[in-house]
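J.: mind looking at a prediction? Sequence and model below.
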Amino acid sequence: MNLAPSALASSDLVDKVPLDVEKVRKDFPILTRKVHGKPLVYFDTAASAQRPLAVIEAIDSFYRQHNANVHRGVHLLSQEATDLYEAARRSLTGFINAASEREVIFTRGTTESINLVAQSFLRPTVGPGDEILITHMEHHSNIVPWQILCEQTGASLKVAPINQRGELELDALEGMLSEKVKLLGIVHVSNALGTVNPIAKVVRMAKRFDIPVLVDGAQAMPHQQVDVQALGCDFYCLSGHKMYGPTGIGALWAREQILENMPPWQGGGEMISKVTFEKTVFNELPAKFEAGTPNIAGAVGLGAAVEYLLGLGMEAISAHESQVLSSATEKLSAIDGLRIIGTAQHKAGVISFTLDDIHPHDLGTVIDHYGVALRTGHHCAMPVMQFFKVAATARASFGLYNTLEEVDIFIDALQQSREMFS
């Protein structure tokens, strides 16, 4: 088994831009608390990352000093709120290397972003005989919207296979591409397996048939530098709470020309330029897709999260997390009866596993009493569980604040939990 996933690991990066993890941990107030009398070991970042003080304070400052609606007022508070909201958009635009701020649409998160594309971009143009292609490792958020769309339009949903390591079968996927495929939806980093997909390569395959590509980037954003222009995709979806920002906020990035040609998904205030009872003229991008009062504080917090990540450096974060992942993988692999689900060569900071015949829910409940927070269940990826013939897994997922010492605590807690069951 490859214990040092090469997509994110690099000793050179550690030498050049080391992450001072002990200093970083002081930025996260929640890491000082105890759980059942034990120091918190938070290994559930793939579900939702913790928030640094910079994000907490940005949201607090907004509500204490600048709270007002955006884009609609001439008074000072409204102008300040608008400036903060649009500054967050600028930060995110630069972070993902979008060509323009007009290409960044604030949404509630990855799920809403995918639904927006399904209903606004694809639904008006597909019908019986058309195909939508996804992969077997997708999160439910990149499955269910396409199933709904197929029911609405008569299009067919096709699924590209994965292998026993949890890697995409690229040859099989390439063989499924044709003029019938009207969109390829693919996850950048699997939340259940940790697999890092070769997005740029897949996009090149799809473009031979002029197939638009949507990328679920929720799990990639906190682990690695994302450059949407370099990837070559047409849509990229992300969630703030995965990248140390607030819940209920995220974004859809899409090419400006595509967005210009898409009809609005929701109607209401802000997304209009002029309204009469006879006709509505829609607003320009990005407002056309941001109907109603947005999650202003969430956007401000997301902007603060972006600036926080930039301050640490994504290369330093990637290198540090790779060390933690490698250590945890090596030590888990040495435990008899433990099976790691997902052993791809290129992985991010996620390890799903089963242990003997202990149900993951029972294991998670017991190990919580040692202060270790794991995720257990199907991880909103039931088809992945079905492929590996397991009902559920326990999942340890790592963030920039986790340490090698916490890995040791986790392994010790796991061994003690196992003894309790045996």
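T.: Structure's in. What do you need?
J.: on the three-state scheme, the nearest residue to F282 once chain neighbours are set aside is what?
T.: In space, F282 comes closest to K288 once its chain neighbours are excluded; the distance is 5.1 Å by CB to CB, 6 or more residues apart in numbering. In short, each C-beta sits where N, CA and C put it, glycine included. Applying DSSP: H, G, I helix; E, B strand; the rest coil to K288 yields a three-state assignment of helix.
J.: mind listing what K288 touches?
T.: Contacts for K288 (CB atoms under 8 Å, 6 or more residues apart in numbering) come out as 259, 264, 271, 282.
J.: try it again with 10 Å
T.: Contact criterion CB atoms under 10 Å, 6 or more residues apart in numbering gives 102, 105, 120, 259-260, 262-265, 270-273, 282 as the residues in contact with K288.
J.: just those residues: which are in strands?
T.: Members of the contacts of K288 lying in strands (criterion: DSSP state E): 105, 272-273, 282.
J.: show me how the protein divides into domains.
T.: 11-32+314-421, 56-310 (automatic domain parsing).
J.: average pLDDT across the longest one?
T.: Think domain 56-310. In this model, domain 56-310 has a mean pLDDT of 97.
J.: end to end on that domain, go ahead and measure it.
T.: 17 Å (CA to CA, to the nearest Å).
J.: identify the residue spatially nearest to the residue nearest the centre of the chain, adjacent ones excluded.
T.: The centroid of the chain falls nearest to A218 when counting by CA atoms, centre = their mean (1.1 Å). Once its chain neighbours are removed from consideration, A218 has its nearest residue in T110; the separation is 4.3 Å (CB to CB, 6+ apart).
J.: hmm, W253 and the one you found touching each other?
T.: No - between T110 and W253 there is no contact, the gap being 11.4 Å when judged by CB atoms under 10 Å.
J.: find residues that contact each of those two.
T.: What both T110 and W253 touch, as defined by CB under 10 Å, 6+ apart, is the set 215, 217, 236-238.
J.: which one of those is nearest D357?
T.: Among the shared contacts of T110 and W253, G217 lies closest to D357 (CB to CB), at 36.0 Å.
J.: how many residues are close by the closest one?
T.: Counted by other CB atoms under 10 Å, the residues lying close to G217 total 29.
J.: what separation is there between it and L238?
T.: As judged by CB to CB, to the nearest Å, G217 and L238 stand 5 Å apart.
J.: what is in contact with the two at once?
T.: 96, 110, 113, 188, 226, 250-251, 253.
J.: need those in JSON lines (columns: neighbour count and secondary structure).
T.: What follows is the shared contacts of G217 and L238, written out as JSON lines (neighbours: other CB atoms under 10 Å; DSSP: H, G, I helix; E, B strand; the rest coil):
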{"residue": "I96", "neighbour count": "21", "secondary structure": "coil"}
{"residue": "T110", "neighbour count": "28", "secondary structure": "helix"}
{"residue": "S113", "neighbour count": "30", "secondary structure": "helix"}
{"residue": "H188", "neighbour count": "25", "secondary structure": "coil"}
{"residue": "V226", "neighbour count": "21", "secondary structure": "coil"}
{"residue": "G250", "neighbour count": "31", "secondary structure": "strand"}
{"residue": "A251", "neighbour count": "31", "secondary structure": "strand"}
{"residue": "W253", "neighbour count": "26", "secondary structure": "strand"}
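J.: closest to L84 out of those?
T.: Lowest distance from L84 to these (CB to CB) belongs to A251, with 15.9 Å.
J.: which residues does E151 contact?
T.: Taking CB under 10 Å, 6+ apart as the definition of contact, the neighbours of E151 are L157.
J.: tell me the secondary structure of it, please.
T.: The three-state label given to E151 by three-state DSSP is helix.
J.: tell me the spacing between the nearest residue to Q415 once chain neighbours are set aside and I351.
T.: Computed as CB to CB, 6+ apart, the closest residue to Q415 that is not its neighbour in sequence is I335, at 7.4 Å. Distance, I335 to I351, by CB to CB: 12 Å.
J.: which residues sit in contact with T45?
T.: 219, 222-223, 242-244, 321, 349-350, 373, 375, 396-402.
J.: also S141?
T.: If you count contacts by CB under 10 Å, 6+ apart, S141 has them with 109-115, 185, 187, 191, 216, 218, 237, 239, 380-381.
J.: now with 7 Å?
T.: If you count contacts by CB atoms under 7 Å, 6 or more residues apart in numbering, S141 has them with 110-111, 114, 216.
J.: among the residues you listed, which are located in strands?
T.: Members of those lying in strands (criterion: DSSP E): D216.
J.: reformat the contacts of S141 as JSON lines; add distance to M205.
T.: Below are those laid out as JSON lines (distance: CB to CB, whole Å):
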{"residue": "T110", "distance to M205": "23"}
{"residue": "T111", "distance to M205": "26"}
{"residue": "I114", "distance to M205": "21"}
{"residue": "D216", "distance to M205": "18"}
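J.: looking at the contacts of S141, which is nearest K180?
T.: For K180, the closest of the contacts of S141 turns out to be I114, at 20.8 Å, with distances computed as CB to CB.
J.: you'd agree the closest one is up against N142?
T.: Yes - I114 lies in contact with N142 (CB atoms under 7 Å); the separation is 5.9 Å.
J.: which parts of stretch 144-162 are buried?
T.: Counting neighbours by 16 or more other CB atoms under 10 Å, one finds that the buried residues in stretch 144-162 are 144-146, 149-150, 153, 155, 158-160, 162.
J.: pick the one among those residues closest to A81.
T.: Within the set of the buried residues of stretch 144-162, P145 lies nearest A81; the separation is 31.4 Å, counting by CB to CB.
J.: confirm that closest one sits in a helix?
T.: Yes - under three-state DSSP, P145 falls within a helix.
J.: quick one: residues contacting it.
T.: If a contact means CB under 7 Å, 6+ apart, then P145 has 114-115, 118 as its contacts.
J.: just the CA atoms of the helix or strand in which G94 is found, as CSV, please.
T.: In the assignment (DSSP states H and E), G94 maps to helix 76-95. Output in CSV follows, covering the C-alpha atoms of helix 76-95 (Å, rounded to 0.1, in the frame of the first residue of the first chain):
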residue,chain,number,x,y,z
LEU,A,76,-23.4,54.3,5.3
LEU,A,77,-24.1,50.9,6.8
SER,A,78,-25.5,49.6,3.5
GLN,A,79,-22.5,50.8,1.7
GLU,A,80,-20.2,49.2,4.2
ALA,A,81,-22.1,45.9,4.0
THR,A,82,-21.9,45.9,0.3
ASP,A,83,-18.2,46.6,0.3
LEU,A,84,-17.6,43.7,2.6
TYR,A,85,-19.8,41.4,0.6
GLU,A,86,-18.1,42.2,-2.7
ALA,A,87,-14.7,42.1,-1.1
ALA,A,88,-15.4,38.5,-0.2
ARG,A,89,-16.3,37.8,-3.8
ARG,A,90,-13.0,39.4,-4.9
SER,A,91,-11.1,37.2,-2.5
LEU,A,92,-12.7,34.1,-3.7
THR,A,93,-12.2,35.1,-7.3
GLY,A,94,-8.5,35.4,-6.8
PHE,A,95,-8.3,32.3,-4.7
